[in-house]
Structure formats: C-alpha cells, structure tokens
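Trainee: mind looking at a prediction? Sequence and model below.
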Amino acid sequence: MPSHLFADRPAQPPEPGAVDALISQTRRLRGEVDAVRRDAVADEDDPQNRWQRALCDLAVHQLDDLGAHLGQLKAGLPGPAVTDTAAAYAEAVLETVPAPRLSGSLLSRVGSAEWDLLTDDVHWSDELFQIFGRQPESGPMSLDELPSMVFAEDQPLLQAMVTDCLIDGKPIDGEFRIVRSDGRVRTVHMTGEPVLDTDGCTASMWAVVRDVSELRRSERAVRESRDSLQRHQHIEHTERRVAVELQEAVLPPWRGSLRFAHDGPAPLDVAGHYLPAASTGLIGGDWYDALALPDGDALLTVGDLTGHGVAATSSMAMLLGALRGMAVAGIRPGALMGHLNQLLETSVQPALGSALCCRYDPASQLLTWSQAGHPAPLLFRDGTGRPLARPEGVLLGATTGAGYDEAETRLLPGDLLLLHTDGLTRTAGAPAGEDGTDRLLALAPRLATARDAQDCVRSVVEEFGEGPREDDACVMVVRVGR
C-alpha cells in the first residue's frame, strides 16, 4: 500500500459499494465451504477423505485471507494521524471476518505496530501482544529487540526487510517464524511501509502483522494428504496390476471357443468370460476353468472367493491349482469339494468361497457335479431353460468337516449349460425383486440360435455386462455337440 506522503504515487481507491459486495460474497462463500467441511465424512483412515477435508480447511483459510485483502481495499488510504494508521487499517481488516468467527482466534490474528525513529516511541495494538504472546505490561519491542523472538534461520530475512524499508523506502512484505514466551511457534506475515517527513527522510515505520500459522498448517496438511493419497493410489494401481497379472496367469489361456472331449459322441464347445466390478476397480477371486482330464473326461468349474485384490487372486490361484490337481488325480466332485473346504479353512488368509465343480463323461454323456453355496448350472434344451436341482453343499471355509453331495444329469446333443458366479446377476440399480436367474433363462431363444459357445457368451455379456456392476463375475457356456 503506498504511503499517503508519497505525492508522486496518488492512490485511486475502489468504489466502496463494489468492495462491500465482494466482501459479502466472500462471507457467503466461506459459510458454504465451512458447511461442506462440517458435513465431510471424518474418516482418518481414508487418504482421500483426509485430502478432501484438508482442502476444505485450506479453502476456508484462503477465503479468510481474501476477506482480509478486501478489508485492505475497504480501508483505503491511511488517515493523516501517523500513530493511528496501522490500527485503523487492522480494524478494517477485522471487519471483513465472518461473524461466526469474530469471537474466535481470527480476532487476535491481525495486529499493528508503529516505530517512531525520531522519538523512539513504539506502539503495538493489543492483538499484536496476543500474537507474540507478550504481556502488555512488558511493553512493545523495538526494531532492535524484535529479532530476539524470531527463528534464527529467519532473522536475516527480517533484518533485510527492515533495512530496505528504513533506508531505501521499500515496502515490507514477508513471512517469518517467531517463538513466543510460552514456547509456541507461530508463523506471521508482516506488511508495512516507511512514513517520510517533509524532507523525504524516514520518520517512522508502520506495519500490520497477521498470524498465518493456521493457513500454513492447512496448506501443509493439503500437501501431506495429497502425497498420502498419491502413494495410496500408486499402491492400489500396483496391487491391481499384480492381481491382473496373477489372474491372467491362472485363468484359462484360451480365448474364444474351446473344443474338446472328442472321444465321445457329443464333444463339447466351451467359452468363458470374466467381467470386472465397476465400483471397486479391483480384481476379485472369481474363476472359470475347463480342462481335459487324462481319462478322457472334462472338468468344468466356476467359483468365487470373497474379497478383492492380490489376497483374493492369490487365494483363488491356490484353490484353482488344488482343484485341477485333484481332478487330474481322479477325485470325484463331492470329495473334491470337501478337500477344498479343508484347504480354505486352514489357509493363512481365511476367506469364504462358493464353487461349482462338474465332471463330464463324453462316452456316457453323464454330467456329475457338486456345489458349495453356488448357483446351480442352467440347462437349456429345445429353446427353454431351467436350473438343475442343487445337491447339498455349504460355502467353502464356512464349517469344519462339511460334506458335499453329488448330482447327475445326462446331457443330450444340442444341450447348453450356463455356469456363472452370483456377481453376474447382481447389477447396481436393478429393480427391487428382480431375479437375475429369470433374466438368464429368458435368453433361451437367443442362445438356441447362436452359432457357437462364444456367441452365447457374447449374448450374456450384452445382457448383463453394460450397466455398473457391484461385484466381479464369471460366466462359462458349455454346448454339447450334435
């Protein structure tokens, strides 16, 4: 702010009405931001929530700063009384502080001072004594005494600003840290100018000191929370990449239709697809698999483990590897499920899982299957579909020593089996009471005219894969050749 004694720099103050309107807008905006801050979810364990709250805090402090600057505009040029210049300026700044905070800390965050070089008189406002933690009875500090309360690293900055102001007539504008008598460290921002006498010599210096400790703390909190959020996002990205790579290494490598079990009169045409969850963005523990066994049978399986990320995919990899090994060894579906239950129960990463395990004999066209808390296969025949009757079987990892029954179904040429995890039919925003199984069964006419198993999978994905998905899912279609 130019001094009123510099005749060669006449000031042109803004229109009072325009400044008052800006002050009102700033107050209103600050109140709205403060309301958002109060309504923010205070979850200190969530890096994003910490970052959002820190941004709100910083916005409030910056709006307080804006209000202070507008107060400077409203104050206009200092009056002719040198002693009252800084005090009047500080009082005008305080007028812009929103009403709810007037009784709080902001009232003591702006103080004023004036040092008379001719009489050695020093005047401090009451607020400045509060900022420095100094008792008024001790009196104000001279310019020579002031550095004693300043951080050693910041003393050269203060001394340079004061020297430039007193000798070269430059305005003061800078920040430094002080150590109060009670040991508390505060960051203050000082602005001021020299007052010249009629001969152009410096007669005194006035300054306005603002305690910006909370503002700087808020800015630091934003930086730290932003860095924390970026680290969290990097970890999430890395975890997702590892989970995707692990899933791709475990799930069947084939794409499109897979044809096998050619030894019998009804070979199989198999296709599968994985649908990720839209809400979490993390890979889950869903799987599908089809495997030709040494005795000529075919293994068909889908399953789902609880959780997402590397923990879920690593448990899925362990479980699917064990399932394949036991199927190759000739263990039947019911007994195989019992072993998987024991394996999951004793795992170092406890989890629950649902699974469906089918063994198909191409010679007899007999499907033997068992399930653990999993949706039953859907059988489509002659243009209609129905779920197969489920044998008994609880979730994997739910109870010790669980037994799993088996069921048998004879398949006919042209039959189509649809195996899926329950995440397929759970779509966000679906109407209440809607049964996803009925929607799948309603696809019977389209599936009956499909060219191959891959075309059937494409129809299912078109029906269930477009909207936001609450959970990841797998679907596998098995069509019996004619």
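Mentor: Cool, the structure landed. Numbers count the residues shown, from 1 in each chain.

Trainee: mean confidence score for the lengthiest helix in the chain?
Mentor: Assignment by DSSP state H gives helix 213-250 as the longest helix of the chain. Mean per-residue pLDDT for helix 213-250: 81.

Trainee: check stretch 111-127 too.
Mentor: 91.

Trainee: any idea how far apart the tips of it sit?
Mentor: Using C-alpha to C-alpha, to the nearest Å, one end of stretch 111-127 lies 5 Å from the other.

Trainee: how far is that stretch from where the chain is centred?
Mentor: 50 Å (C-alpha atoms, centre = their mean, to the nearest Å).

Trainee: coming back round to it: what helices and strands are in contact with the longest helix of the chain?
Mentor: helix 47-75, strand 185-196, helix 310-328 (3 or more C-beta pairs under 8 Å, 6 or more residues apart in numbering; DSSP states H and E). Using the backbone N, CA and C atoms, a C-beta is placed for each residue, glycine as well.

Trainee: of the ones you listed, which approaches S204 most closely?
Mentor: strand 185-196 (4.7 Å; C-beta to C-beta).

Trainee: partner strands of that closest one, parallel or antiparallel?
Mentor: strand 172-179 (antiparallel), strand 202-211 (antiparallel) (DSSP bridges).

Trainee: tell me the angle it makes with helix 213-250.
Mentor: Comparing the axes of strand 185-196 and helix 213-250 via axes from the mean of the first three to the mean of the last three C-alpha atoms, to 10 degrees yields an angle of 130 degrees.

Trainee: and strand 185-196, how far out from the chain's middle?
Mentor: 40 Å.

Trainee: what are the buried residues along the longest helix of the chain?
Mentor: 213-216, 218-219, 221-222, 225, 229, 239-240, 243, 246-247, 250 (16 or more other C-beta atoms under 10 Å).

Trainee: give me the mean pLDDT for stretch 417-426.
Mentor: On average, stretch 417-426 scores 89.

Trainee: same question for stretch 309-316.
Mentor: On average, stretch 309-316 scores 82.

Trainee: what does it rub up against?
Mentor: Stretch 309-316 is contacted from outside by 239-240, 242-243, 246-247, 250, 282-287, 303, 305-307, 344, 347, 349, 351, 353, using C-beta atoms under 8 Å, 6 or more residues apart in numbering.

Trainee: repeat that for stretch 389-397.
Mentor: Taking C-beta under 8 Å, 6+ apart as the rule, stretch 389-397 contacts 319, 334, 337, 340-341, 344-345, 347, 350-355, 369-374, 376, 402-407.

Trainee: first-to-last residue distance for it?
Mentor: Per C-alpha to C-alpha, stretch 389-397 runs 23 Å from first to last residue.

Trainee: buried ones in that stretch?
Mentor: For stretch 389-397, using 16+ other C-beta under 10 Å, the buried residues are R390, P391, G393, V394, L395, L396, G397.

Trainee: ok, the residue located most distally from the centre of the chain - contacts?
Mentor: Centroid-distance maximum for the chain: D199 at 62.8 Å, with C-alpha atoms, centre = their mean. Under the criterion of C-beta under 8 Å, 6+ apart, D199 has no neighbours.
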